[in-house]
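Student: I'd like to go over a predicted model; first the sequence, then the structure.
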Amino acid sequence: MTETALEQDCVIGVVERVTFFNEDNGFSILKIKVKNQAEPTTIVGELGAIAVGEYVSCQGQWVIDRKYGRQLKVSSIEIALPDSLMGIERYLSSGLLRGVGVHFAKKMVDQFGLKIFDIIENQPKKLLKIAGFGAQRLSMLKDSWQEQKLGREILVFLQTYGVALGKALRIYRTYGPETLAKVKANPYDLAFDVAGIGFKSADDLALRLGFAANSPERALAGIDHVLQNFCQEGHCAYPREALMTASMELLSLDREGVLAAMEEGILQGHWVAETIDETVCIYPRSLYLAEEGVAKEIARLNTGECPWVNDNGQDYLPWLQTQIKIELSASQEKAIACVLDHKLSVVTGGPGVGKTTIVNALLKLLYKARLSVCLCAPTGRAAKRMTETTGVPAKTIHRLLQIDPSTRTAVHHENEPLKADVVIIDESSMIDIALMYKLLRAIPTHAAVIWVGDSDQLPSVGPGAVLSDLIHSGCIASVQLTEIFRQAAHSQIILNAHRINQGLMPSAHGQKDADFYVIVKPNVEEIHQTLIDLVVERLPQHYGCSAVQDIQVLSPMNRGSLGTLILNQELQARLNGHARLKLSRLGIQYALGDKVIQTVNNYSKEVFNGDIGWIESINMDEQSLQINFDGCSVKYEQNELDEVNLAYAISIHKSQGSEFPRVVIPLAMQHYNLLVRNLLYTGITRGKQLVVLVVEEKALYKAVHNDKIKARVTKLAQRLRKYLPLI
């Protein structure tokens, strides 16, 4: 045993520090200041996202941990208002109440003492007597005070029914004032509406609230939970028998009970049953409609003539050569001719094979024909790079469609189409089935569509394998570029990316001023130390570059000593540990100058999953900060910071669509399940000027030779063959 249990106890105090917080399960380690005790007390348990300055009452058992000493292992915790002047001041300045920082917290306590909470609750206008405390600040304080008050009442209810505080806070942040009504109506909705609340937590709450173990709500929610988990792996549907087996195990119900619930769900329209390759599969209705919709929209767009039909065949080539000032190869000429011969086409290939040259050549021809062209990409960085390489403004798909942040519906759709004769879509491998459906619906029938991308990269994070399915359907004209051109052939990054894609080990001889290096280390500890030394000292000194701005660590995973979570903590401490202005959220400190990444789509802020920015200012009074995303400054309140993470190290999945000047990638056998060729290939192709692999040799060998990528369950290719003729 690592700890010795002692007596039960109740401890009351003010949270001084959040030492650790696990966002997945709410486990926290807190230091609390207890009255008349010199040293802070350590409390541990599933305490949730409690903030510094909150006043807590903890019931639990004292334990002696062999490594960390005496701690209170908490069984229940309540948040209360402090009752001492010092505690009140710390609470007011903690950031929980907007508009109050350290300065005004002291003034409020000095003027009103222990009555301050009563003043805020019943006579808030008296606060205007404090010098500098204006109406706007008062409004912010009143709003956040009411939020805190209502939140405490709701949290008490949820904790009474066994919901851990961390999860209760998530529920309240999602539903707000409607929390109680929604939870009582159908607690199973929590599993789909609230991030971090899985089916098990919702099920525990539902059973405590009186829902039966064989209730229809439970069976439907359980099957849907299993199906959604499969879809999170990229599938659009999943075989019925596998879904049945997993659902029976989850729900502890017999086959008849699960089958009845599944048939009822299909009857109600929650799911759709379809046969894929002679296997009956179950779709979530939304993904079925998106997949069927993509096929029908492509069939619609395939009608009519090309917008450039009146051009004179091959006469464009001599003119084009003079315009782009690059001699086109025979394969490039053939590719351009293929695209111009078809209203819908795909241009695919790895780095250095001339995709950008072909796009630029096509743009010259399209503008010569006086056609209106829309350029778009799935991420902000991909759109920005497209703008830089073409000289033509490109937008993210979300911005092109003008998705309304409040309703998440697009301004442009079939009844309000885009004004375009041609739509060119870059980084198409990243686009999932749902987003592709939204985009295609908005393209007018007369327009041509050109998909550009690298089908050997990782598929989209969301469900589907759209680019791959378009190519394999045989219904869309596809150009596969393989020839590496002279200017790219000097790059070891490009040559090694193609070697890896062919199942060959990378060639890295360590020649001076090369752009690709492999550093082999015997174990994880040495990989970790070498990576830190490279990023913090060796690369910035050798190349005269910024460790923060010009170097990006890409890891296969988030967990483990080589995962993004631990690497971010250490790199932040080494590269930005001197920063004084900091805000804390969920156990992470965000400091002025930190590099951060957006982890979810936020339509109201127009910031999307994968966007990288820098913290450019922090307002301690408002407990807010400004993040600069590619020149656009976006404000975040403290309670919104769970949407962003530190980005000194990010996952390879999150890097899709981006390019970085210098990339460092660790690979070890601890990444065993993720050592796949297309993951390594995607990571390497993110680097523009330098790629350094720091690896266990066995792990690199496995990644290069493992091309057994799990096929995604989709039916798009077959649907396309249903609606379109083969090319």
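Tutor: Happy to help now that I have it.

Student: list the contacts for I476?
Tutor: Counting by CB atoms under 8 Å, 6 or more residues apart in numbering, I476 makes contact with 298, 342, 344-346, 451, 470, 720, 724, 727. Backbone N, C-alpha and C define where each C-beta goes, glycine included.

Student: mind redoing it with 7 Å?
Tutor: 344-346, 470, 727 (CB atoms under 7 Å, 6 or more residues apart in numbering).

Student: Just the closest of the residues you listed to R385, please.
Tutor: The closest of those to R385 turns out to be V346 (CB to CB; 19.4 Å).

Student: where does I116 fall, phi/psi-wise?
Tutor: phi -60, psi -40 (degrees, to the nearest 10).

Student: show me where pLDDT drops low in the stretch 451-600 of the chain?
Tutor: 486-487, 509-511, 586-587 (pLDDT under 70).

Student: which helices and strands does the top helix by length along the chain pack with?
Tutor: Identified as the longest helix of the chain according to DSSP state H is helix 135-160. Contact here means 3 or more CB pairs under 7 Å, 6 or more residues apart in numbering; DSSP states H and E; on that basis helix 135-160 packs against helix 165-175, helix 179-185.

Student: picking up where we left off before, keep only those of the contacts of I476 that are in strands.
Tutor: 344-346 (DSSP state E).

Student: Name the nearest residue to V109, sequence neighbours excluded.
Tutor: Leaving aside its chain neighbours, V109 sits nearest to E89 (4.7 Å; criterion: CB to CB, 6 or more residues apart in numbering).

Student: Distance to A703 and pLDDT added to the ones in strands among the contacts of I476, as JSON lines?
Tutor: Shown next, in JSON lines, are the ones in strands among the contacts of I476 (distance: CB to CB, whole Å; pLDDT from 0 to 100):
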{"residue": "L344", "distance to A703": "35", "pLDDT": "97"}
{"residue": "S345", "distance to A703": "32", "pLDDT": "97"}
{"residue": "V346", "distance to A703": "27", "pLDDT": "97"}
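
Student: Okay, buried residues for whichever strand or helix holds V294 please.
Tutor: Taking DSSP states H and E as the definition, one finds V294 inside helix 285-301. Neighbour counts over helix 285-301 (16 or more other CB atoms under 10 Å) mark 286-288, 290-301 as buried.

Student: now swap in stretch 512-532 and tell me
Tutor: Buried, per 16+ other CB under 10 Å, within stretch 512-532: 515-521, 524, 527-528, 530-532.

Student: Which ones among the residues you listed lie within strands?
Tutor: 516-520.

Student: Any figure for the gap between the residue nearest to Q492 when sequence neighbours are not counted and K688?
Tutor: In space, and not counting its chain neighbours, Q492 is closest to F516: 3.6 Å by CB to CB, 6+ apart. According to CB to CB, to the nearest Å, F516 and K688 sit 12 Å apart.

Student: Show me where the stretch 201-350 of the chain has its strands.
Tutor: With DSSP state E, counting those that start in this stretch as the criterion, the stretch 201-350 of the chain has strands at 238-239, 271-276, 279-284, 344-349.

Student: CA-only coordinates of the second one, as CSV, when you get a sec.
Tutor: The C-alpha atoms that make up strand 271-276 are tabulated as CSV, following Å, rounded to 0.1, in the frame of the first residue of the first chain:
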residue,chain,number,x,y,z
TRP,A,271,-31.0,5.5,-36.2
VAL,A,272,-31.1,4.1,-39.7
ALA,A,273,-30.3,0.5,-40.7
GLU,A,274,-28.4,0.0,-44.0
THR,A,275,-26.6,-2.8,-45.6
ILE,A,276,-22.9,-2.1,-46.3
